[in-house]
Structures are given as structure tokens and as C-alpha cells.
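**Q** requesting a structural model of the entry that follows:
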Amino acid sequence: MARIHRRKFLKLSAAGAAGGLAGILATGRAPAYAQGTTVHWLRWNDFVPSSDKVLREQIIPQAAKDLGITLNIEMINGNDIQARTTAAIQSGTGPDVICALNNWPQLYAASVAEVTDITEAIGKAQGGFYAESTAVANDGKRWLGVPWCIVGAENSYRKSWFEAVGATKFPETWDEYRAVGKKLKAKGQPIGQTLGHSFGDPPTFWYPFLWSFGGAEVDQSGKKVVLDSKQTLESVKYAVGFWKDCCDEGGLAWDDSSNNRAFLAGTISSTLNGASIYLLAKREPDKYQTEKGTPLYQDILHGRLPKGPAGQFSYQLPMTNMLMGYSKQQDAAKKFLAWITSKPVYQAWFDSQGGYSVGATTSWEQDPIWKKDPVMAPFRDVGRGAHFPGYPGPANRNAAEVLSKYIIIDMYAKAVQGMAAEDAVKWASGELQKIYT
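**A** Modelled structure (predicted):
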């Protein structure tokens, strides 16, 4: 981890920076607190275990040294964070900082402390935030949290299996992907995609799928529900055929780890996912091998979701650290957030990700990590051009509620399970009307 020499630190202090946010961002350090000050940070169990190790073994002791605080990092399953957040808000006690997924900050806007000063300083120092990170963490008036990262979502696929059915690169359109997938499923190598209730893979696949056909939940104003449209209906009908022709139909019950296990076990040929599949296979080449006995990671490539009639879209998974309004450690927690997101401190965690997550600010695109492995290169700029739930309207509280209730996901799941496409669309539209009106 980078260190700031005492002489440089004193120089910054003399210039009046060390006591404030500018000093923290410049040095990665903040004024020490009295012994006994504890900041409780709730976050997910990372799909890259080495990153959790960095937090425990490097960040916690460094926080004690640099900030004089005891950092209590609690890591739980990502699907359990929202329930914990709701319970903490209702009881008025719980973690000081909660790492929220997707656009949850909009859902809890009334229960978080403003962190505009911290966030603006970080953005200024690191090339500005991606539009997606801004959309989910800023309500147009203030910052509801400090953007932490974006987990890139790309299709992991078996290069040799695709080539065996005539695909020398990842398909560019949904029709091409369906044709390839149909051949692969006939060989017992289906596409694997979840249609269940899980925070990551379902929304990052099915929202862009909807958009690529021209469908949307609301109009640009975010006030008028427009889901019940010809475009949405066509997307649902297409999804039913795509699922039957190409997919492992057990995906209806999958969470965000199920497709990882299926891919590593050699039972699916492609899945939209973070780079965790590739990174794990590369880290353990003797454990994860192809049917030919060669390292599996050497047969994995990554590709963007295909284009539809309305274009090509992506929704990358943003994460945001929320400072909870009930926290009794507001000052210490703010200094912690500025410190942990400062470049010298964040670098150690970023390096441990190996490209699985990109920074929430654009400066991380220039990190040397992207030149080390060409297979990871597609993830470098996933934050650019990504959209978010609610598109083309704002990622506001209503959009966050729709996402949290999995209404868009369930629209496709109901149709796949036999409900008429028209009825599935009308059901989902009715559920959206309850939220948006």
C-alpha cells in the first residue's frame, strides 16, 4: 500500500490541506480519533476472496494507524444486504456505513446522511464519476452516498465450444446469439442465465435485453409508465423462444453464484457475469480444466451483450457506500469514506480485484492492470455508456422499488413458465402503475 512520507505530509499540513477533505484525498490520511472510536462497515462477501483478505489484513490495521479508528467490516451475502438495511433503518441502529448495490441509495434517500462534500472532492481528484454511478447515488440535489465501484458484466464464454459451432467471435446480435445457442444446447452445452431473484446477474441481463428491443418501464420524464408496448411484447416473446432454444432451463431458480458453478463445472457454454469465473479458473488452473485436461481459463473469453432492434445496451452493477443517518459516528465515518476512497488507499483493494470491479471514477481506466491480461481488457471501460433501472427516465426511488421487487425480471420469468406474453406484460405494467402513480 502506498505511504506518504512525513515530510510531504507536513508540507501539505502547512498548506492547510491536511485538516480537511483535500488533505485526506491527497495523502490518504486523516486526523486521528480518540481510542475506542469504531466505524461499522457492512458490505457483501466479494466474489473475489482475495479482496476480502485485503480489507481484513491491510485496510483494517491501516485505518487504525492512519485514522485512529477501529474499523469493523462485516461481510454478508449480497442478497441479504437490503433486508439488513431496512431493519437497521427501522430500528435506528446498525452499521454506520452500508455498501448499497444497484440504485438502492435512491430507495433510502430519506435515511442517509449527505456526503456531497466528500463525493465532489473525490470526483474532482479522480477524473469525475461515470454517469451510471452519479445516477444511482445523486438525486439531483445532493449525493446520497459515495460511489465505490462498478462490477463489470460481460458474457463469459467457451471459445472452443463456440468455434465448434461456427462462431469465431461472440455474436453481435440476438438473432446470431440465438442461432449459436440453439446449436450449443443441442450438444448439451446450453447458455446459462438466471431468471431468479438475485441482485446482480438477473437485472444486468434482462434490463438491457428489454432496452435492446426498444422497451422501457417509463418515459424520459420518469412519470409515465410505458412498459405495455409493442416493443416490450416483442422482447418477451423473443425471450420465451430464446430460453427454450438456447438456455439451461434450471436458471429460473439460480442466484448470482449458480451460473458461476455451472460454467466452472462445464455444464454451460456462456453466461452474463462478472469476471469472477475467469479469475477463479486462472487462479486455480489445476482444479478447473477443460474436458481435454487443459486449464479452463485458457478457453474463456468475454463479450458484450448482443444488439437488438433498438441497439446495444448494458447495465453494469454499481456499488455505493451510504453513510446512515442514524449513525452516531458521523464525523469519523465521513473521514473514513474520504480515506478509503482516496487513491493511495483504494489502490490496494482495486489491485486485488484483478479487473473484476472498475473504479466509480474514470481515472481507473488508466491503471496498468488493464495491460496485464488481454482477456480482461473488455472490462476496462464498461462504466462508459452503461444505463440503469428506470432508463430512459431517472434512477429514482420508484425505479429502485421496481428493481427491488424484481418486476421486470418476473415479467420474463412468468412468460417463460407459460403465461401468455401479453398477460405477462400487462401484469408487470400494472405493478409499475402501483409504484409510479
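
**Q** what domains does the record give for this structure?
**A** As recorded under automatic domain parsing, the domains making up the chain are 28-151+317-379, 154-315+405-436.

**Q** now do the strands in the stretch 151-300 of the chain.
**A** For the stretch 151-300 of the chain, the strands defined by DSSP state E, counting those that start in this stretch occupy 154-158, 270-273, 300-303.

**Q** do you know which of those lies nearest L403?
**A** strand 270-273 (16.5 Å; Cβ to Cβ). C-beta here means a position set from N, CA and C on the backbone, and glycine is covered the same way.

**Q** I'd like to know the average pLDDT value across the closest one.
**A** Mean pLDDT, computed over strand 270-273, is 97.

**Q** kindly report the same for stretch 422-437.
**A** Taken as a whole, stretch 422-437 carries a mean pLDDT of 97.

**Q** contacts for that stretch?
**A** Contacts to stretch 422-437, defined as Cβ atoms under 8 Å, 6 or more residues apart in numbering, come from residues 217-218, 222-225, 227-228, 232-233, 236, 398, 401-402, 405, 407-408, 410-412, 414-415, 419.

**Q** these two touch, right, N321 and V97?
**A** Yes. N321 lies in contact with V97 (Cβ atoms under 8 Å); the separation is 5.3 Å.

**Q** please pull out the lowest mean pLDDT helix or strand from this protein.
**A** helix 6-14 (a mean of 34; mean pLDDT, DSSP states H and E).

**Q** host element of the closest residue to F129 other than its chain neighbours?
**A** Closest residue to F129 apart from its sequence neighbours, by Cβ to Cβ, 6 or more residues apart in numbering: G123 at 4.9 Å. G123 belongs to helix 116-125 when elements are defined using DSSP states H and E.

**Q** do F336 as well
**A** Counting by DSSP H and E, F336 is part of helix 330-341.

**Q** what sits against V136?
**A** Shown in contact with V136 (Cβ under 8 Å, 6+ apart): N102, N103, W104, P105, Q106, P147, P318, T320, F388, A395.

**Q** any idea how far the spatially closest residue to the first one that is not a sequence neighbour is from L432?
**A** In space, not counting the residues next to it along the chain, N102 is nearest to L403; the distance is 5.8 Å by Cβ to Cβ, 6+ apart. Note on L403: its distance to L432, by Cβ to Cβ, to the nearest Å, is 11 Å.

**Q** with just CA atoms, put stretch 272-284 into PDB.
**A** Extracted in PDB, the C-alpha atoms of stretch 272-284 (Å, rounded to 0.1, in the frame of the first residue of the first chain):
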ATOM      1  CA  LEU A 272     -23.500 -12.900 -18.400                       C
ATOM      2  CA  ASN A 273     -21.400 -12.400 -15.400                       C
ATOM      3  CA  GLY A 274     -18.600 -10.500 -13.800                       C
ATOM      4  CA  ALA A 275     -15.000 -11.700 -14.500                       C
ATOM      5  CA  SER A 276     -15.000 -13.900 -11.300                       C
ATOM      6  CA  ILE A 277     -15.400 -17.100 -13.400                       C
ATOM      7  CA  TYR A 278     -12.300 -16.400 -15.400                       C
ATOM      8  CA  LEU A 279     -10.300 -15.000 -12.400                       C
ATOM      9  CA  LEU A 280     -11.000 -18.100 -10.300                       C
ATOM     10  CA  ALA A 281     -10.200 -20.500 -13.100                       C
ATOM     11  CA  LYS A 282      -7.000 -18.700 -13.700                       C
ATOM     12  CA  ARG A 283      -6.100 -18.700 -10.000                       C
ATOM     13  CA  GLU A 284      -6.700 -22.400  -9.800                       C
END
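
**Q** follow-up on the earlier one: now do the buried residues in the helix holding G123.
**A** Buried positions in helix 116-125, judged by neighbour count with 16 or more other Cβ atoms under 10 Å: I118, T119, A121, I122, G123, A125.

**Q** for stretch 141-153, same thing?
**A** Buried residues in stretch 141-153, counted by 16+ other Cβ under 10 Å: W143, L144, G145, V146, P147, W148, C149, I150, V151, G152, A153.

**Q** would you check that the last one makes contact with G274?
**A** It refers to A153. Yes. Counting by Cβ under 8 Å, A153 touches G274, with 6.3 Å between them.

**Q** and A216, how far from T134?
**A** 20 Å.

**Q** now Q353
**A** To T134, Q353 is 21 Å away according to Cβ to Cβ.

**Q** same deal with V115?
**A** Distance, V115 to T134, by Cβ to Cβ: 13 Å.

**Q** please say which of the two ends up with more neighbours.
**A** Set V115 next to T134 and count neighbours by other Cβ atoms under 10 Å: V115 wins out with 24 against 19.

**Q** would you list the phi and psi of the more buried one?
**A** phi -130, psi 30 (degrees, to the nearest 10).

**Q** quick one: mean pLDDT for stretch 98-114?
**A** The average pLDDT for stretch 98-114 rounds to 95.

**Q** now do stretch 164-184, average pLDDT.
**A** So the average pLDDT for stretch 164-184 ends up being 98.

**Q** ok, now which ones touch A386?
**A** Residues near A386 by Cβ under 8 Å, 6+ apart: Y130, A131, E132, I150, S314, Y315, Q316.

**Q** got it, and I81?
**A** Contact analysis of I81 by Cβ under 8 Å, 6+ apart lists L42, R43, W44, I98, C99, A100, L101, F199.

**Q** of those - the most surrounded one?
**A** Ranked by the number of neighbours (other Cβ under 10 Å), the contacts of I81 place I98 first, at 30 neighbours.

**Q** which element is that one on?
**A** Applying DSSP H and E, one finds I98 within strand 97-101.

**Q** angle of that strand against helix 330-341?
**A** Here strand 97-101 points in a direction 50 degrees away from that of helix 330-341 (axes from the mean of the first three to the mean of the last three Cα atoms, to 10 degrees).

**Q** which residues does the residue nearest to Y278 when sequence neighbours are not counted form a beta bridge with?
**A** Among residues not flanking Y278 along the chain, I300 sits closest, at 4.8 Å (Cβ to Cβ, 6+ apart). Counting by DSSP bridges, I300 is bridged to R158.

**Q** so how far is Q289 from I300?
**A** Taken as Cβ to Cβ, the span from I300 to Q289 is 12 Å.

**Q** neighbour count: these two, which is higher?
**A** Neighbours were counted for I300 and for Q289 using other Cβ under 10 Å; I300 has more, 22 against 17.

**Q** which among the contacts of A386 count as buried?
**A** By 16+ other Cβ under 10 Å, the contacts of A386 give Y130, E132, I150, S314, Y315, Q316 as buried.

**Q** among those, name the ones in helices.
**A** Among the buried ones among the contacts of A386, the residues falling in helices (DSSP state H) are E132.

**Q** the stretch 1-150 of the chain: strands as residue ranges?
**A** Secondary structure of the stretch 1-150 of the chain by DSSP E, counting those that start in this stretch: the strands cover 38-44, 70-76, 97-101, 146-151.
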